[in-house]
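K.L.:
Got a sequence here, can you build the structure:
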Amino acid sequence: MQASSKTLIAGLAIGGLALLAGALAALFLPAPPAAPIAALVAFGAVLLGAALALAFRPAPAAAAAEAAGSASPPPGGQSLSRDQLDHVLQSLNEAIFFVGPDGLIQEANHAAGELLGRTPESLVDVDMNSLLKAHDRRRNSRQENWRPQEAVFRRHDGALVSVSYTKSPVLDDSGELLSNVYAVQNIDERKQAEKRIRYLARVDALTRMANRMQFQHLLQQAIARARRDRRYLAILYLDVDRFKDINDTFGHSAGDTSLEIFSQRITDVLPAESTPGRLAGDEFCVMLKSSASIDALVQEVGTIGDKLLASVGRPFCVQGEEIFMSTSIGAAIYPRDGENVVDLLRNADAALYQAKKAGGNCIEFFGEHVATAGEERLMLKSKLRRAFEREELRLDYQPKYRLSDGRLAGVEALIRWDLPERGIVLPSDFIPIAEESNLILQLGEWVLNRVCADYREWQRVTPSPCRVSINLSLRQLQQQRFLEGFRRTFRRHGVSPTCFELEITETTLMQDIGRTIKLLDALYGMGLHLAIDDFGTGYSSLSALQQFPISILKIDQSFVRDIALDKDNAAIVRTIIQMGRSLKLDVVAEGVENEEQLDFLRANGCDIVQGHLFGDPMSAEEFRELLVADAEGSGRYQALFA
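P.N.:
Below is the predicted model of the structure:
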C-alpha cells in the first residue's frame, strides 16, 4: 500500500493518544463530560482503526492511483510498517485488547500481558469473556460503547484483579465491525482503599464496635424486619456515670482505657445475637434480638440490664489507681416507644436521662413520665408551620477558604429558626420534622429565594461574589416540577445558576439512581455546581459516584474532628483527599476548628476548608463586609494561611 508515512503515523499517533485520553477521562471524570469523552474515544478509535485497516489490507487505492497515472509518493513517503504500528501499541501504558466480532482476542499489547501475567502472544485467540468472572460476562455483552465499566479479570495464576475498562468499535469502510478495542486499567489499589475507608467509617476506632452511623443503619434494618414479621424490638441506651471525673482526674488516656474496658464488659454479658454500638463519647447503645412477645422482651431487658449494671460496676486499675465505674441505662421498645430509628433512639435517650436524674447506676423504661421529648417534637412541628409567616427563619453564611492562598472560595447557606420563647432551634432538631411533614419543600423554596436575594445585594459591592452552597434534600429531588421551580427562581432574581452549588448527601444520591442521574445532569446543564456532602457517612463507593456529575467532595466533619489525634480518622481523611484529587474533584473539609486540623489538611493537599476556626456563621450583611475585605486582600483570617 502506498501512502504518506507522515499522514499515517500522525493518524496512528493522534488516534492512539485520543483513545488513551478518552479512556482515562472516562475512568476519572464525572458523568456530564460523557458526550465529549465518547466523541474523543470514538475519534481515537476511528483513526486507530483506519490506520490498522490501511496497514493490513491490500492496496487497491495505490493500484487505482497508478492506473490513473498518479505521480510517485512525495519525498520521504513510505508504507506504514507493522513494526511502527506495534511501537505505537506497545508504548501505551493502558492494557489494550483488540477483540474480533467472534469475541476472540486478535492482538494485545505488553501492558495487557503484564495485567494478566501472560505474554501478549499467548492471549491471541483467547475468548475475551473467559478472562472475566462469570457475573461480569453478561454485563460485558450488554455494555454500551465508550461507557466505562468495572469488572474483575482472572490472571494466569488464578489471582483476581479489579479493572475499569471502555470498549470502542473499529469499523471498516462499509460499516462492518472489524474489532472492538478494549482499554483497561488496573484499579486494585483504589478498590482496597475504598474497602479500608468503608471499614474505618463504620467501626469505632477505640472500641471496635459499630459506630453511630453503622448502628443506626443496622437498627433501621432490624426495625424493617420486625415490622414485616410483626415482632417487638428493644434497645438499651447506656452512658458512663460521671465519666468527666475520670477524664479530669486521670487524663484522657485513662478515659480511653476506661471506655475500652466498659465496651468489653458490655459485650461479655450480652446474648450472642445482640448488637452493641458506640454512639459518641461515653454513649453506647445495644440492640437486642426481636421477640414475638412484648412481655417476654420487657423481662429480658430487665435481666440483661441487671447483668450490665453488675458487670460494669466491678473495679479495675488504670495507671496503678483503682477505678469504680457505673452506668445508667434507658430502654425503649419498638413499636410501642417509637416506629423509626430517630424516635426510638430519642425516647431511649429520654429514659436514660430519667435514670441519671434518679441517681444513676439503674435502668429506666421509656413511658409517659419521660415523654417530654415527644411532646416537644409535636410542639415544634406545629410551630414550624407558622414560622414562615412570622418571619422566624433566617439564613446565616459560613465562609469557605482556599488553602492555597487563604482567599474566599465560597460560602454555605445555613438555615436557623429563631423561636421567640425558646431561642435558636438548630437544623438537626427541625429539618427531620420538616421532611416528615413535607414542609421541607416550602423550606427549600424559601432558602433558595432568600439566597438569591442576598446574592443580588452582594453584587452591589462586588461584581462576582463567591459561589454559594445550598443543601438539597431527597424530598426536593423527588418533586415532579423540581427543575422548573429552580429555573423560575433564578430568572425572577436575575442571577446565574453558575453562581450556586448544590450539596447532596450520599444517601440522597443513591436513591433511584437512574432518575437522580437525569436530574443532576439537567442541573449541571443549567450551570449549577454539584457537591457530595458528608462524604464517608453513606454506603456508596467512589466508583458508583463517578456516574454522577459531581465536581466537589466534602469530607464529613466527624472525620475531621479528631484527625490530629486519631490515626484511623487521619487515614480516612488522607485517603479521601488522595482519591478525590485523582478523580479531579475539589476536596472540601468541613468542621475545621483548630490550627492542628488546618495544618494536617494543608499538608495532605486538601483544597478548601470551612469551620469555626474562621469565625461563626454570619449574617448576609456581615458576609458582604467580608467580601469587600477579601477583595481588598485584607481578610481577617489571612494570617492563618501565611
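K.L.:
Find the residue closest to the residue sitting nearest the centre point of the chain in space, skipping its chain neighbours.
P.N.:
For the chain, the residue nearest the mean C-alpha position is residue 535 (3.9 Å; Cα atoms, centre = their mean). Of all residues not flanking residue 535 in the chain, residue 553 sits nearest, at 5.3 Å (Cβ to Cβ, 6 or more residues apart in numbering). Heads up, the C-betas are built off the backbone N, CA and C, glycines and all.
K.L.:
partner strands of the one helix or strand that neighbour maps to, parallel or antiparallel?
P.N.:
Residue 553 is part of strand 552-555 when elements are defined by DSSP states H and E. Neighbouring strands of strand 552-555 in its sheet, by DSSP bridges, are strand 529-535 (parallel), strand 586-589 (parallel).
K.L.:
hey, which of those is tucked in deepest?
P.N.:
The highest mean neighbour count among the strands paired with strand 552-555, using mean count of other Cβ atoms under 10 Å, belongs to strand 586-589: a mean of 25.
K.L.:
hmm, who's touching that strand?
P.N.:
For strand 586-589, the surrounding residues in contact (Cβ atoms under 8 Å, 6 or more residues apart in numbering) are 400, 531, 551-555, 560, 573, 576-577, 580-581, 597, 601, 605-611.
K.L.:
again, only this time at 6 Å
P.N.:
When contacts are defined by Cβ atoms under 6 Å, 6 or more residues apart in numbering, strand 586-589 is touched by residues 552-555, 560, 577, 580, 601, 606-609.
K.L.:
same deal with stretch 332-350?
P.N.:
216, 219-220, 223, 226, 232-235, 237, 330, 366, 370, 373.
K.L.:
Buried among those residues? Make that a PyMOL selection.
P.N.:
To isolate in PyMOL the members of the contacts of stretch 332-350 that are buried, counting by 16 or more other Cβ atoms under 10 Å, one can use:
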select buried, resi 216+219+223+226+232+233+234+235+237+330+366+370
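K.L.:
Reformat the contacts of stretch 332-350 as CSV; add pLDDT.
P.N.:
Converted to CSV, the contacts of stretch 332-350 look like this (pLDDT from 0 to 100):
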residue, pLDDT
216, 94
219, 96
220, 94
223, 96
226, 95
232, 95
233, 95
234, 96
235, 96
237, 96
330, 94
366, 89
370, 57
373, 54
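K.L.:
Which pair of the contacts of stretch 332-350 spans the longest distance?
P.N.:
Spanning the widest gap among the contacts of stretch 332-350 are 220 and 370, at 23.0 Å by Cβ to Cβ.
K.L.:
Let me see the domain layout of this structure.
P.N.:
5-186, 195-370, 388-631 (automatic domain parsing).
K.L.:
CSV for these, including distance to residue 638?
P.N.:
Below are the domains of the chain laid out as CSV (distance: least, Cβ to Cβ, whole Å):
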stretch, distance to residue 638
domain 5-186, 33
domain 195-370, 33
domain 388-631, 5
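K.L.:
Does residue 392 touch residue 415 like I think?
P.N.:
No - taking contacts as Cβ atoms under 6 Å, residue 392 lies outside contact range of residue 415: 11.1 Å.
K.L.:
quick one, which of the two is more surrounded?
P.N.:
residue 415 (20 against 16; other Cβ atoms under 10 Å).
K.L.:
Buried residues, the helix or strand containing that one. List them.
P.N.:
Following DSSP H and E, one finds residue 415 within strand 408-419. Residues of strand 408-419 classed as buried by neighbour count (16+ other Cβ under 10 Å): 408-415, 417, 419.
K.L.:
elements contacting it?
P.N.:
strand 393-402, strand 423-425, strand 468-471 (3 or more Cβ pairs under 6 Å, 6 or more residues apart in numbering; DSSP states H and E).
K.L.:
Out of the contacts of stretch 332-350, which sit inside strands?
P.N.:
Secondary structure from DSSP state E places 233-235, 237, 330 of the contacts of stretch 332-350 in strands.
K.L.:
Bridged to residue 96, which residues?
P.N.:
Beta-bridge partners of residue 96, as defined by DSSP bridges: residue 183.
K.L.:
Can you name the element that comes right after the least confident helix or strand in the chain by mean pLDDT?
P.N.:
Within the chain, no helix or strand scores below helix 60-67, which has a mean of 33 by mean pLDDT, DSSP states H and E. Reading on from helix 60-67 to the C-terminus, the next helix or strand found by DSSP H and E is helix 82-91.
K.L.:
hang on, the earlier thing: in CSV, list the contacts of strand 586-589 along with neighbour count and pLDDT.
P.N.:
CSV is the format used below for the contacts of strand 586-589 (neighbours: other Cβ atoms under 10 Å; pLDDT from 0 to 100):
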residue, neighbour count, pLDDT
552, 23, 93
553, 24, 91
554, 28, 92
555, 27, 91
560, 24, 91
577, 20, 92
580, 24, 88
601, 24, 95
606, 25, 95
607, 20, 95
608, 20, 96
609, 28, 96
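K.L.:
Could you pull out the helices in the stretch 101-250 of the chain for me?
P.N.:
Along the stretch 101-250 of the chain, the stretches classed as helices by DSSP state H, counting those that start in this stretch are 110-116, 120-123, 134-142, 188-202, 212-229, 243-250.
K.L.:
Could you export these as CSV, including distance to residue 87?
P.N.:
Output for these, formatted as CSV (distance: least, Cβ to Cβ, whole Å):
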stretch, distance to residue 87
helix 110-116, 11
helix 120-123, 14
helix 134-142, 29
helix 188-202, 28
helix 212-229, 52
helix 243-250, 67
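K.L.:
closest one to residue 361 among these?
P.N.:
Nearest of these (Cβ to Cβ): helix 243-250, 13.1 Å.
K.L.:
Please work out which residues outside the following helix or strand past that closest one touch it.
P.N.:
Per DSSP H and E, the first helix or strand lying C-terminal to helix 243-250 is helix 252-269. Applying Cβ under 6 Å, 6+ apart, the contact partners of helix 252-269 are 206-207, 209, 246-247, 276, 307, 311-312, 316, 318-319.
K.L.:
which of those count as buried?
P.N.:
The buried subset of the contacts of helix 252-269 - by 16+ other Cβ under 10 Å - is 207, 209, 246-247, 276, 307, 311-312, 318.
K.L.:
where among the strands paired with strand 552-555 is the average confidence lowest?
P.N.:
Of all these, mean pLDDT reaches its minimum on strand 529-535 (a mean of 88).
K.L.:
tilt between that strand and strand 408-419?
P.N.:
60 degrees (axes from the mean of the first three to the mean of the last three Cα atoms, to 10 degrees).
K.L.:
Strand 529-535 relative to helix 212-229, how many degrees between them?
P.N.:
Using the same axes, to 10 degrees, strand 529-535 lies at 90 degrees relative to helix 212-229.
K.L.:
now strand 529-535, how far from the centre of its chain.
P.N.:
7 Å (Cα atoms, centre = their mean, to the nearest Å).
K.L.:
neighbours of residue 470, just the number please.
P.N.:
The burial count for residue 470: 21, using other Cβ under 10 Å.
K.L.:
rewinding a little: among the helices of the stretch 101-250 of the chain, which gets the worst mean confidence?
P.N.:
For the helices of the stretch 101-250 of the chain, where the average pLDDT is lowest is helix 134-142, sitting at a mean of 69.
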